[in-house]
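Peer 1: Build me a structure from this.
(one chain, ligands or ions: 1)
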Amino acid sequence: MSASIFSFIGSLFSSSASAENKMTYPNQRTDEEWRAVLSPEQFRIIRQKGTEPPGSGTYDKHYPSTGVYNCAACDAPLYKADTKFKSGCGWPAYFDSIPGAVTRHVDRTFGMERTEIVCSNCGGHLGHVFKGEGYPTPTDERHCVNSVSLKFSEDESGAKGDKQESKV
Ligand SMILES: [Zn+2]
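Peer 2: Residues are numbered from 1 along each chain as shown. You can find the predicted model right below:
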């Protein structure tokens, strides 16, 4: 019995490791294909892990009561409007994503260890997650996301937290 539990755990680790190392996502495209559908600024941030200047983003001070923020590259629903909060940091901030919609990676650039978040469907760079900052939210996490990586929609029908594999 314990052997089967170990192999189950092992398969969990190996699947997440391959997603991180090989960057395999359901919606996989080449750089040329992404360039064809993204603006230069979107490509710089979403595919090359850039960052928009603080306070510049379309959704920095955008607080609708309902709706969903989709991936600007592949349209996968990422964050619901009711998880967005005022962080004052200069970028859109959410305390939680739609379940399974974002994938976390360790990011060691700039001599820091941060948690990068990407779209689970296309691997597009969204921003970073910061924990334990003391914001009065249910998770005490701040998903700090570039507005450029997002596209707001008032239609929440696609944002029920379902796995997106079936949409490919
Ligand atoms: Zn995406």
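
Peer 1: Let's verify residue 42: helix, strand, or coil?
Peer 2: Recorded secondary structure, residue 42: helix (DSSP: H, G, I helix; E, B strand; the rest coil).

Peer 1: what's the burial count for it?
Peer 2: 20 (other Cβ atoms under 10 Å). Bear in mind the C-beta positions are built from the backbone N, C-alpha and C, glycine included.

Peer 1: what does the protein put close to the ion?
Peer 2: Neighbours of the ion within the chain, by Cβ under 5 Å from the ion: 71, 73, 74, 76, 119, 121, 122, 124.

Peer 1: for the protein, what helix or strand is lowest in average pLDDT?
Peer 2: Scoring the helices and strands of the chain by mean pLDDT, DSSP states H and E places helix 2-22 at the bottom, with a mean of 47.

Peer 1: Using neighbour counts, trim the residues of the chain next to the ion to the buried set.
Peer 2: Neighbour counting by 16 or more other Cβ atoms under 10 Å classes 71, 73, 74, 76, 119, 121, 122, 124 among the residues of the chain next to the ion as buried.

Peer 1: Show me those residues that map onto strands.
Peer 2: 71, 119 (DSSP state E).

Peer 1: re earlier: of the residues of the chain next to the ion, closest to residue 109?
Peer 2: residue 124 (17.1 Å; Cβ to Cβ).

Peer 1: For the closest one, which residues are in contact?
Peer 2: 46, 47, 71, 72, 73, 74, 118, 149 (Cβ atoms under 8 Å, 6 or more residues apart in numbering).

Peer 1: that older thread, beyond the least confident helix or strand of the chain, next helix or strand please.
Peer 2: helix 31-37 (DSSP states H and E).

Peer 1: contact partners of that following helix?
Peer 2: With Cβ under 8 Å, 6+ apart, helix 31-37 has contacts from 43, 46, 47, 73.

Peer 1: again, only this time at 10 Å
Peer 2: 29, 30, 42, 43, 46, 47, 48, 72, 73, 74, 122, 124 (Cβ atoms under 10 Å, 6 or more residues apart in numbering).

Peer 1: Mind putting the residues you listed into JSON lines with pLDDT?
Peer 2: Shown next, in JSON lines, are the contacts of helix 31-37 (pLDDT from 0 to 100):
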{"residue": "29", "pLDDT": "96"}
{"residue": "30", "pLDDT": "96"}
{"residue": "42", "pLDDT": "98"}
{"residue": "43", "pLDDT": "98"}
{"residue": "46", "pLDDT": "98"}
{"residue": "47", "pLDDT": "98"}
{"residue": "48", "pLDDT": "97"}
{"residue": "72", "pLDDT": "98"}
{"residue": "73", "pLDDT": "98"}
{"residue": "74", "pLDDT": "98"}
{"residue": "122", "pLDDT": "98"}
{"residue": "124", "pLDDT": "98"}
